[in-house]
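Trainee: Sharing a model prediction with you, sequence too.
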Amino acid sequence: MKGISITLRGLSKRFGNVWALRPLDLEIRAGEFMAFLGPSGCGKTTTLLLIAGIYRPTTGEIYFGDRRVDLLPPRERDVGMVFQSYALYPHLTVFENIAFPLRLKGMSHSLIQERVASVASLLGITEILSRRPGQISGGQQQRTAIARALVKEPRVLLLDEPLSNLDAQIRLQARSEIRRLHQELGITTILVTHDQAEALAMADRVAVFRDGRLHQVGTAQELYERPADTFVAAFVGHPPMNLLEGAVEDGFFRAGEVVIPVPESWPRGQGVLGVRPEDLKLGEGVPASARVVEPMGREVLVTAELAPGRVVKVLTNPQVQVMPGSAIRVSFPPEKLYLFGQDGRRIAP
């Protein structure tokens with residue numbers, strides 16, 4: 001199996017008067033693992049279903065390599081898809097579920113046996129081939145669904161929230177398995193998820209959506225270190241980036257009565273200051289009150305009120321003793337600060 005590049009040109013989808021996806025241009029490289037990330041209703045699943053051929057675009061074109069495919073039915077697109085529900089046939093065995101798309105193609109019995117055995121071995125489910133979906137675990141059902149998608153030897157694998165029905169421990173294991181499969185097979189893979197940890201851990205690049213629009217595409221590091229706007233800044237990272245509205249004046253950012261030193265190169269005017277909780281320090285700086293203290297094992301999350309309505313989260317180590325209600329000081333390292341404009345777009349750094 002080898003992957004193929006995917007090109008989306010002016011792709012959009014409208015349902016009645018509602019735009020589920022605004023015109024989108026996106027290049028996905030051959031063999032790349034791309035994640036579509038965003039909250040519910042942001043357009044990520046709509047984009048996936050357009051690529052699969054389940055939806056027809058309102059405008060735009062889809063190319064697999066040099067071949068235009070948006071006018072082709074799903075069966076002619078060489079795509080394998082795994083749904084959130086897995087959609088396994090309960091009355092068929094695991095073997096028959098995996099073999100089902102090959103039987104539709106009219107393949108010989110011997111070739112079906114060979115293909116199913118190969119993909120079952122790859123996914124570690126050989127020993128459950130004779131069982132039915134109701135007799136296996138959620139993790140095994142998920143691997144069966146992936147096996148059914150892979151048995152067709154597609155050049156594109158589409159994963160629609162495939163881990164959301166698994167418990168936390170199995171989800172971590174499944175993440176590693178899917179990433180390993182991608183590295184071994186080289187299939188161009190697109191994962192739809194609302195879980196940023198899942199997207200950042202598994203994908204080569206992540207496309208962040210909101211309200212039917214693409215906000216940014218980049219690696220996990222690029223999204224974390226250079227967010228395009230306040231939405232990406234707040235959506236990527238846990239805990240999310242702190243954002244304070246105010247104005248830059250003569251080397252200081254003023255948010256009401258809160259005054260924070262900032263780089264002198266920053267332009268004057270209204271804007272939003274951003275800083276990640278892990279970059280803030282306790283012990284000196286802006287006076288504040290510790291409103292909430294949340295022990296998190298290796299770290300402690302402190303909710304600090306700088307002034308009425310001006311609150312930031314500070315991620316610190318357990319050795320820093322902070323009591324709820326105590327007076328503290330919060331230091332804002334200038335080299336760790338971000339400036340966003342009133343439109344939300346990043347201005348600096």
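Mentor: That came through fine.
Trainee: which element is residue 122 on?
Mentor: Assigned by DSSP states H and E, residue 122 falls within helix 109-123.
Trainee: Show me which positions of that helix end up buried.
Mentor: Buried residues in helix 109-123, counted by 16 or more other C-beta atoms under 10 Å: 112, 115, 116, 119, 120, 122, 123. C-beta: built from backbone N, CA, C; applies to glycine.
Trainee: Show me what it packs onto, helices and strands only.
Mentor: Counting contacts by 3 or more C-beta pairs under 8 Å, 6 or more residues apart in numbering; DSSP states H and E, helix 109-123 packs against helix 94-104, helix 138-150, helix 168-185.
Trainee: Between those, which has the poorest mean confidence score?
Mentor: When the helices and strands packed on helix 109-123 are compared by mean pLDDT, helix 168-185 comes last with a mean of 86.
Trainee: Extract the C-alpha trace of the longest strand along the chain and format it as PDB.
Mentor: The residue-count maximum for a strand in the chain (DSSP state E) belongs to strand 281-295. Extracted in PDB, the C-alpha atoms of strand 281-295 (Å, rounded to 0.1, in the frame of the first residue of the first chain):
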ATOM      1  CA  LYS A 281       6.300  32.200  37.400                       C
ATOM      2  CA  LEU A 282       5.300  32.700  41.000                       C
ATOM      3  CA  GLY A 283       7.300  34.700  43.400                       C
ATOM      4  CA  GLU A 284       7.700  38.200  41.900                       C
ATOM      5  CA  GLY A 285       5.900  40.500  39.400                       C
ATOM      6  CA  VAL A 286       2.300  41.400  39.300                       C
ATOM      7  CA  PRO A 287       0.400  41.200  42.600                       C
ATOM      8  CA  ALA A 288      -2.500  38.700  42.600                       C
ATOM      9  CA  SER A 289      -4.600  36.500  44.800                       C
ATOM     10  CA  ALA A 290      -4.600  32.700  44.600                       C
ATOM     11  CA  ARG A 291      -8.300  31.800  44.000                       C
ATOM     12  CA  VAL A 292      -8.000  28.100  43.300                       C
ATOM     13  CA  VAL A 293      -5.200  25.600  43.800                       C
ATOM     14  CA  GLU A 294      -5.400  22.300  41.900                       C
ATOM     15  CA  PRO A 295      -2.800  19.600  42.600                       C
END
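Trainee: before we move on, back to that, out of the buried residues of helix 109-123, who's nearest residue 166?
Mentor: residue 123 (14.7 Å; C-beta to C-beta).
Trainee: So for residue 193, what's the nearest residue that isn't a sequence neighbour?
Mentor: Spatial nearest neighbour of residue 193, excluding adjacent residues (C-beta to C-beta, 6 or more residues apart in numbering): residue 199 at 5.2 Å.
Trainee: Now do the lowest-mean-pLDDT helix or strand in the chain and helix 109-123, the angle between them.
Mentor: Every helix and strand in the chain was compared by mean pLDDT, DSSP states H and E; the lowest is helix 168-185, with a mean of 86. With axes from the mean of the first three to the mean of the last three C-alpha atoms, to 10 degrees applied, the angle from helix 168-185 to helix 109-123 works out at 120 degrees.
Trainee: helices or strands up against the next helix or strand after helix 168-185?
Mentor: Later in the chain than helix 168-185, the nearest helix or strand by DSSP H and E is strand 188-193. Applying 3+ C-beta pairs under 8 Å, 6+ apart, we find strand 188-193 packed against strand 33-37, helix 44-52, strand 156-160, helix 168-185, helix 196-202.
Trainee: Let me see the residues that make contact with the helix holding residue 122.
Mentor: Applying C-beta atoms under 8 Å, 6 or more residues apart in numbering, the contact partners of helix 109-123 are 94-95, 98-99, 102-103, 107, 126, 129, 143, 146-147, 150-151, 153, 177, 181, 184.
Trainee: Likewise for stretch 243-253?
Mentor: 230, 233-234, 254-256, 258-264, 266-274, 310, 312, 337, 339-340.
Trainee: In strands, which of these appear?
Mentor: Secondary structure assignment by DSSP E places 254-255, 258-261, 269-274, 310, 312, 339-340 of these in strands.
Trainee: Which single one of those residues is nearest to residue 46?
Mentor: Relative to residue 46, the closest of the ones in strands among the contacts of stretch 243-253 is residue 340; by C-beta to C-beta it sits at 27.5 Å.
Trainee: distance of the closest one from residue 331?
Mentor: To residue 331, residue 340 is 21 Å away according to C-beta to C-beta, to the nearest Å.
Trainee: More neighbours: which of those two?
Mentor: residue 340 (23 against 16; other C-beta atoms under 10 Å).
Trainee: quick one: the more buried one from residue 143, how far?
Mentor: Residue 340 sits 43 Å away from residue 143, going by C-beta to C-beta.
Trainee: Also residue 198?
Mentor: Residue 198 sits 17 Å away from residue 143, going by C-beta to C-beta.
Trainee: These two: which has the busier surroundings?
Mentor: Just comparing residue 198 and residue 143: by other C-beta under 10 Å the higher neighbour count belongs to residue 143, 27 against 22.
Trainee: Which of the helices or strands spans residue 221?
Mentor: Using DSSP H and E, residue 221 sits in helix 220-225.
Trainee: what's the burial count for residue 136?
Mentor: By other C-beta under 10 Å, neighbour count at residue 136 equals 17.
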